[in-house]
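Visitor: model the structure of this input:
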Amino acid sequence: MSTSRGLTTGRLRSLATSHASGAVVAQVWQAAASFALQVVAAHVLGAEGLGLVSLCLGTIVLVTALTSGFVGDSLTVLDRADSRVRGGLQWWTAVLATTGPALAAAVLWGSGSLDAAEAGLFFLAAALFAVEEVGRRLLMASLRFWRLVAVDSVALVTALAALVVMGLTGGVTLSSFLAAVALGQAAGLLTVAAVLAPGDRWAAPARGGAVREVASFGVWRGAQVAVNPGVFTALRLLVVAVAGAAALGHLEAARILVAPALLMVQGLGSYLLASYGRDRGLRLEALAGRARRGSLGLVLGALAVGAVLWAVTPVLGPWVTGDEFAVPRLAVAGWAVYAAAIASMQPVVSLAAARGRQRAMLGVRLMDAGISLLALVLWLLGDLPAEATPFVLALGPVAAGLCTRFAILAPMLRDEQRSTVSSPQSHSTTDALAAPATAQPREAAHHAR
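Guide: Residues are numbered from 1 along each chain as shown. Below is the predicted model:
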């Protein structure tokens, strides 16, 4: 009896401290900062202020996604211990973390959304956000997910403390929010520097960096990961143009409510990509099996979390919206299905990218975006309920996952099997077939720890 209880306690302790659990918690905790800022904006600045804060944060996410995909995925998959590769990574970090925020700030200023001072603060916040994200990706690449919780805690507490001080000394404005984000990211960046592994805490020589080599991988991944934020931007514009800002407000409230399911999928997806990069020496067959199991588990988990959130919408909805309007349960269900659709795609897409098919995966993600947006336009122009648009958006990720499985990974698996069978050594086939059986339990034991 006591032995059984001890085994159960040990399993729970292993699960709570595992890399996968850390990935989920880190992803959730990072999003908590954005969520907290938007809740404060809703209470302090009203609907218009919340809209501007959300616009700025959404644009920062889009700019950061480009840097994270370009540099973050490159440092995960490429050999960042090589000084030339490290030099290329650092060069691209400096370029992307300045040009992207500068262009975004210019567009927001030129469109009249921000004045000159606000645009300057936006640039500072976005640049620090992008650099801090690269630091976070270094921690992810070394599977130090639990240290991300400390980084994001420091960033969140610093930003909220800055807002409190500004509120007590002169009132909270949009500039206050942008300054708070900048201060929070600066504190988070210092924390990243403090908790990085010694092997990741060094600067490579500026000259001789593998700028082109990093770009040959990163440009495709940067464009690929920017597709999803781009689709959301287009979604917001289309809903406002066809159904009005109020309809978008209902959708955004439902999306905030379903954020735990979406964050769970994104967090475990980050863990899977890092694990594929770490295990690049294993056969594709073993990793493909891991991707299939990961996809099934993520889909079921997203649907389960979504079902719980749908059931408690009448209770949690007023807390999110402040009793201004009801959160539509149809939209909550739709976002849960969308999270499951992303879950069905993400593990196989990450595996294909980790195996060097990033160009093909950019094409798949563009197809995903095209299908979703075309279906969305037809849905809205057909005067169908805007609350159901998340169901429509889910069509693209499902199609992308199927395409990746059968048009990209399946031929790669067949090539691997043919090369194994045609090996000239008499024992090669036996060894190759035995390798996954030996390696896979070893991987499972590692993840369980």
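Visitor: mean confidence score for stretch 174-185?
Guide: Averaging pLDDT along stretch 174-185 gives 91.
Visitor: one more: stretch 106-114?
Guide: 83.
Visitor: what comes up buried for it?
Guide: Buried residues in stretch 106-114, counted by 16 or more other CB atoms under 10 Å: 108-109, 113-114. For glycine as for every other residue, the C-beta is placed from the backbone atoms N, C-alpha and C.
Visitor: tell me the one of those nearest residue 349?
Guide: Closest approach between the buried residues of stretch 106-114 and residue 349, by CB to CB: residue 108, at 30.7 Å.
Visitor: related to what we said a few turns ago, out of the buried residues of stretch 106-114, what pair is the most spread apart?
Guide: Going by CB to CB, the pair spanning the buried residues of stretch 106-114 furthest: 109 and 113, at 7.6 Å.
Visitor: what about residue 355? Give its phi and psi, please.
Guide: Backbone geometry at residue 355, expressed as degrees, to the nearest 10, gives phi -100, psi 20.
Visitor: who's in contact with it?
Guide: Going by CB atoms under 8 Å, 6 or more residues apart in numbering, residue 355 touches 276, 284, 287, 412.
Visitor: for the nearest residue to residue 243 once chain neighbours are set aside, what are its contacts?
Guide: Spatial nearest neighbour of residue 243, chain neighbours left out: residue 386 (4.2 Å); criterion: CB to CB, 6 or more residues apart in numbering. Residues near residue 386 by CB under 8 Å, 6+ apart: 239, 242-243, 247-248, 250-251, 380.
Visitor: make it 7 Å
Guide: 239, 243, 247, 251, 380 (CB atoms under 7 Å, 6 or more residues apart in numbering).
Visitor: next one: residue 341
Guide: For residue 341, the contact set (CB under 7 Å, 6+ apart) comprises 394, 397-398.
Visitor: can you tell me which of those are in helices?
Guide: Using DSSP state H, 397-398 are the members of the contacts of residue 341 that sit in helices.
Visitor: out of the contacts of residue 341, which is nearest to residue 365?
Guide: Nearest to residue 365 out of the contacts of residue 341 is residue 397 (CB to CB; 9.3 Å).
Visitor: nearest residue to that closest one in space, ignoring adjacent ones along the chain?
Guide: In space, residue 397 is closest to residue 341, 4.0 Å off (CB to CB, 6+ apart).
Visitor: so how far is residue 411 from the one you found?
Guide: To residue 411, residue 341 is 24 Å away according to CB to CB, to the nearest Å.
Visitor: who does the host helix or strand of residue 94 touch, helix- and strand-wise?
Guide: In the assignment (DSSP states H and E), residue 94 maps to helix 83-110. On a contact count with 3 or more CB pairs under 7 Å, 6 or more residues apart in numbering; DSSP states H and E, helix 83-110 meets helix 46-67, helix 116-141, helix 211-225.
Visitor: enumerate the positions of it that are buried.
Guide: Across helix 83-110, burial judged by 16+ other CB under 10 Å covers 84-93, 96-97, 100-101, 104-105, 108-109.
Visitor: can you check stretch 304-323 too?
Guide: Buried, per 16+ other CB under 10 Å, within stretch 304-323: 305-306, 309-310, 313, 317, 320-321.
Visitor: closest one to residue 350 out of the residues you listed, please.
Guide: Using CB to CB, the buried residues of stretch 304-323 come closest to residue 350 at residue 305, 20.6 Å.
Visitor: quickly find the element holding that closest one.
Guide: Under the assignment here (DSSP H and E), residue 305 is part of helix 284-311.
Visitor: next step: the contacts of residue 386 restricted to helices.
Guide: In this view, the contacts of residue 386 that belong to helices under DSSP H are 239, 247, 251, 380.
Visitor: gap between stretch 313-329 and the chain center?
Guide: Here stretch 313-329 is found 26 Å from its chain centre; the criterion is CA atoms, centre = their mean, to the nearest Å.
Visitor: on that earlier part again, looking at the ones in helices among the contacts of residue 386, which has the most residues close by?
Guide: Neighbour counts for the ones in helices among the contacts of residue 386 peak at residue 251, which has 24 neighbours (criterion: other CB atoms under 10 Å).
Visitor: residue contacts, that one?
Guide: Contact analysis of residue 251 by CB under 7 Å, 6+ apart lists 239, 331, 386-387, 389.
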